[in-house]
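In: Here is my input, please return the structure:
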Amino acid sequence: MFSMTFTTDASKETTTLPALAQGDGILIVNAEEKIVQANAPLQGLLSVAQEVLLGADAADAIRGHLSPLLSDGGSGERVVALLRGGPSPPSITLGIRAPGSGLRNVSITASMVEGVTPVLRLLVFHDTGEPHRSAPGDLPPVIFTQDRDLRYTRAESPGDSGPNSALVPGKTDADLFCPEDATRLTRLKQRVLETGERVREDVHLIINGTARTFDLTLVPARDGDGQVEGIMGVMIDATGRQRAIEALEKSEQQLATLISNLRGMAYRCKVDRGWTMEFVSAGVERVTGYAPHDLADNRRIAYGDIIHPDDRERVWGEVAAGLAEKRPFQMIYRIITASGEERWVWEQGRGVPDPRCETTVIEGYITDITDHARAEAALAESEERFRSIFTSSHAVMMVIDPETGAIVDANPAASAYYGYPLDTLTSMRITEINIHEPAEVRCEVQKAIFGEEQPAAGQDPEGPGMGRERHFSFQHRLADGQVRDVDVFTGRVNIRGRTLLHSIIHDVTEQRRAEEHFRALLDATPDAALLLDRDGTILAANEVMAERSGKSIGELLGINVYDALSPELAPVRREVVARAFRTGKPLRHVDERAGMVLEGILFPIPGGNEEAGRVAVISRDITRAQELERARKEAFSQIEQNIEQFAILADHIRQPLQVILGMACLIEDERATGTIQNEVERINGYIQQLDRGWIESRKIREFLLRHELV
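Out: Presented below is the predicted three-dimensional model:
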């Protein structure tokens, strides 16, 4: 029986993992069917060096090296099929011409450890008959005798080469071997002569210039009185065996390194309630927090006690079922680590029968999947939350496969809106609803995944800027034949490894009609009119505005109005628009530029959210009106001046007339006096008429001022 030995750093304690049987050939293959290990017995069976096998394609190696040795050449494909079978396919037995031992019955068994990186597959070649003990290339054995002086008296061998040809009767070891070899042989043989004991030891000798290892057995030769008179010996060439042992040790070391580098723990345990560990790899500390020697033979704690109490019976039942059905078992359960933390583990194992076909131990692998389990739980919770929002939302929602356009899922609101039962709706494609050309729809779907441009060569489709939420305007046909205008907001989602599109559909038919009415209103007004969004982008304009700007309506749409203003005026107008949105009330402003006076009135139009909303701007040319107003004010001012002058003039004329009338009374000529008095009265009548006109003018002025007509 050979074994593999591992030593943990933590305890420096050696734990032994028994192999299947002495001389079994072992082939280890990775997930790509490349050979990662082949032990010495297998190398000897195939007569191929390890350097040739490592890294080779396993199927090619089987066909090239094993098939020629099979009694039935076609059986090689059975071995390849076994290699590629399930986790534990049934073993097969084939006749193999083993070098030096003739045709042998060899059973080949395959097994696999899943859930680890790398995934490994193991093929075991077991000789069901007597094992072949000599290796290819070994020299034939030699039987010899020597007298008390250690001179050779006889040497016999099946062949005529090797040490037999050198063991010449009458010669001593000093005559036949180099000094170092002769000294070593003489010392062993002297011990037999002196003690009369049997000696068996491996010795290293130079034969025909080649270093070889021999299994040397020495026994005393006695005379009739029982006295030692010489020695008898057998030399068996063990060079091949030694090389196989060295190769096996190297192979075992490589396998030990491989196992120690696994994140999980390989184990061999008894079938008892404590799952008593006979062997456990160093990975146990990463999984449980306990060192290998803590669990070996339950020295500190039994593995069964580490299993979460609520999971122990289930674990026992699943393992028992696997053993009863002679199949591998897999399961996920919880453990309590040395620090008291609850962790999730994944285990795969199977029962290993003893020669009486009774299951006595379990071999398997355990790895920590806590992060994966938590991620799965979080994903399940997220999906459940999404499903709850999805199904209960009054918004129309659908999930679409971007590759095929298939409607993968739809919520009840979508079923009610489109008028199709859910099972019918989810069996349709989006192109059956969208009335646009299928090629156009597919193009827009690609934009929803990758943005405006497809990812360049080498660009990560999952990278920044890829799959931004997209807004589309389409027309969808309902089940009753109605065609409705819809705005579709689409974003990429990943559901169980599939990239899908989550679309929210808003019916904007009435809004589109309102916009058409607004357009008609814009075109009907004699003033220039614009419709802006919050950023100042022109959404609509009428012909008057287009004529004033010197552009067509199509050229105006989409440009930013602030770019058309001077650097000094742009921030001022931006603030006016922002104030209109903040207050929600119409605002008036007046601009004077390029010889024109423009009156602007802003009417904020609320949107569905704070980011939405638009503002209508009516711009009227009031240059002529301003000029007329200025002339009117100037005329009125002149009237006021004239009224004041009339008052002053009346006062200035009335006083000289009183003087003239007084002087006329002093004249003795009555005729002249009467003439003067008549003229004074006539002039005074004119003055009274001026006074009455002044009074009426003041009344008209006060009326105009009172009614803000000036």
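In: so what's D149 up against?
Out: Residues near D149 by CB atoms under 8 Å, 6 or more residues apart in numbering: T172. Just so you know, the C-beta spots here come from the backbone N, C-alpha and C atoms, and that holds for glycine as well.
In: is it fair to say G274 lies in a helix?
Out: No. Remark: G274 does not belong to a helix; assigned using DSSP: H, G, I helix; E, B strand; the rest coil, it is coil.
In: Begin at 423, not 1, for the rest of this chat.
Out: Sounds good: first residue 423 from here, last item G696.
In: Would you mind confirming that it is in contact with L717?
Out: No. Applying CB atoms under 8 Å as the test, G696 and L717 come out as separate, 9.8 Å apart.
In: The two - which one has more neighbours?
Out: For G696 versus L717, neighbours defined as other CB atoms under 10 Å are more numerous around L717 (28 against 16).
In: Make sure N720 is indeed in a helix.
Out: No. Assessed with three-state DSSP, N720 is coil; it does not lie in a helix.
In: wouldn't it be in contact with W697 here?
Out: No. The pair N720 and W697 fails to qualify as a contact (CB under 8 Å) at a distance of 9.1 Å.
In: what do G696 and L717 both touch?
Out: Taking CB under 8 Å, 6+ apart as the criterion, G696 and L717 both touch A724, Y725.
In: could you list every residue that touches the residue nearest to N1106 when sequence neighbours are not counted?
Out: Nearest residue to N1106, sequence neighbours excluded (CB to CB, 6 or more residues apart in numbering): L1079, at 6.1 Å. Residues in contact with L1079 (CB under 8 Å, 6+ apart) are V1102, I1105, N1106, I1109.
In: How much space separates G744 from R734?
Out: 16 Å (CB to CB, to the nearest Å).
In: who has more neighbours, N720 and W697?
Out: A count of neighbours by other CB under 10 Å puts W697 above the other of N720 and W697, at 22 against 17.
In: about what we covered before: point me to the helix or strand that includes the residue nearest to N1106.
Out: helix 1045-1086 (DSSP states H and E).
In: Now the element after that helix, going C-ward?
Out: Per DSSP H and E, helix 1045-1086 leads on to helix 1092-1128 as the next helix or strand towards the C-terminus.
In: chain center to that following helix: distance?
Out: Counting by CA atoms, centre = their mean, to the nearest Å, helix 1092-1128 is centred 103 Å from the centre of its parent chain.
In: returning to that earlier point: which of G744 and R734 has more residues huddled nearby?
Out: Using other CB under 10 Å as the criterion, G744 and R734 rank with G744 on top: 21 against 16.
In: Could I get the CA-only coordinates of the one helix or strand the more buried one maps to as CSV?
Out: Using DSSP H and E, G744 sits in helix 734-746. Output in CSV follows, covering the C-alpha atoms of helix 734-746 (Å, rounded to 0.1, in the frame of the first residue of the first chain):
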residue,chain,number,x,y,z
ARG,A,734,-27.6,18.4,10.5
GLU,A,735,-30.5,16.0,9.9
ARG,A,736,-30.9,17.1,6.3
VAL,A,737,-27.2,16.6,5.7
TRP,A,738,-27.3,13.1,7.2
GLY,A,739,-30.4,12.2,5.1
GLU,A,740,-28.9,13.4,1.8
VAL,A,741,-25.6,11.6,2.4
ALA,A,742,-27.4,8.4,3.4
ALA,A,743,-29.5,8.6,0.2
GLY,A,744,-26.4,9.0,-1.9
LEU,A,745,-24.7,6.1,-0.2
ALA,A,746,-27.7,3.8,-0.5
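In: same question for it, mean pLDDT?
Out: When pLDDT is averaged over helix 734-746, the result is 93.
In: contacts for the next helix or strand after that helix?
Out: Note on helix 734-746: by DSSP H and E, the next helix or strand toward the C-terminus is strand 751-758. Outside of strand 751-758, the residues within contact range by CB under 8 Å, 6+ apart are 536-537, 709-710, 728-730, 732-733, 736-737, 740-741, 743-745, 764-772, 791, 795.
In: Check stretch 917-933 too.
Out: Applying CB under 8 Å, 6+ apart, the external contacts of stretch 917-933 come out as 805, 817-824, 830, 836, 839, 867, 870-871, 895, 898, 906-916.
In: still on that earlier bit, so how far is the helix holding G744 from its chain's centroid?
Out: Its chain's C-alpha centre and that of helix 734-746 lie 35 Å apart, by CA atoms, centre = their mean.
In: One more: stretch 646-662?
Out: Computed by CA atoms, centre = their mean, the chain-centroid distance of stretch 646-662 equals 72 Å.
In: One more: stretch 488-501?
Out: Computed by CA atoms, centre = their mean, the chain-centroid distance of stretch 488-501 equals 45 Å.
In: buried sites along it?
Out: For stretch 488-501, the buried set under the neighbour-count rule, 16 or more other CB atoms under 10 Å, comprises L488, S489, L491, L492, S497, G498, V501.
In: First-to-last residue distance for that stretch?
Out: This stretch, stretch 488-501, spans 9 Å end to end (CA to CA, to the nearest Å).
In: Likewise for stretch 1004-1024?
Out: 12 Å.
In: Contacts for it next, please.
Out: Counting by CB under 8 Å, 6+ apart, 991, 995, 998-999, 1001-1002, 1025-1026, 1028, 1037-1045, 1048 sit against stretch 1004-1024.
In: please redo it, this time with the cut-off set to 10 Å
Out: 949-950, 952, 954, 970, 987-988, 991, 994-995, 998-999, 1001-1003, 1025-1028, 1035, 1037-1049 (CB atoms under 10 Å, 6 or more residues apart in numbering).
In: Could you spell out which stretches of the chain belong to which domain?
Out: Taking automatic domain parsing as the reference, the chain has its domains at 425-549, 564-659, 684-790, 798-920, 933-1043, 1048-1128.
In: rewinding a little: spell out which residues are contacts of both of N720 and W697.
Out: G726, D727.
In: Can you tell me the strand partners of the helix or strand hosting V656 and which way each runs?
Out: Per DSSP H and E: V656 is located in strand 650-659. Sheet pairing of strand 650-659 (DSSP bridges) gives strand 564-569 (antiparallel), strand 632-644 (antiparallel).
In: and stretch 944-951, how far out from the chain's middle?
Out: Stretch 944-951 sits 55 Å away from the centroid of its parent chain (CA atoms, centre = their mean).
In: For G618, grab phi and psi.
Out: Torsion angles at G618 (phi, psi; degrees, to the nearest 10) stand at phi 70, psi 20.
In: and the residue lying closest to V821 once chain neighbours are set aside, helix, strand or coil?
Out: Spatial nearest neighbour of V821, chain neighbours left out: D831 (4.1 Å); criterion: CB to CB, 6+ apart. When classified by three-state DSSP, D831 comes out as strand.
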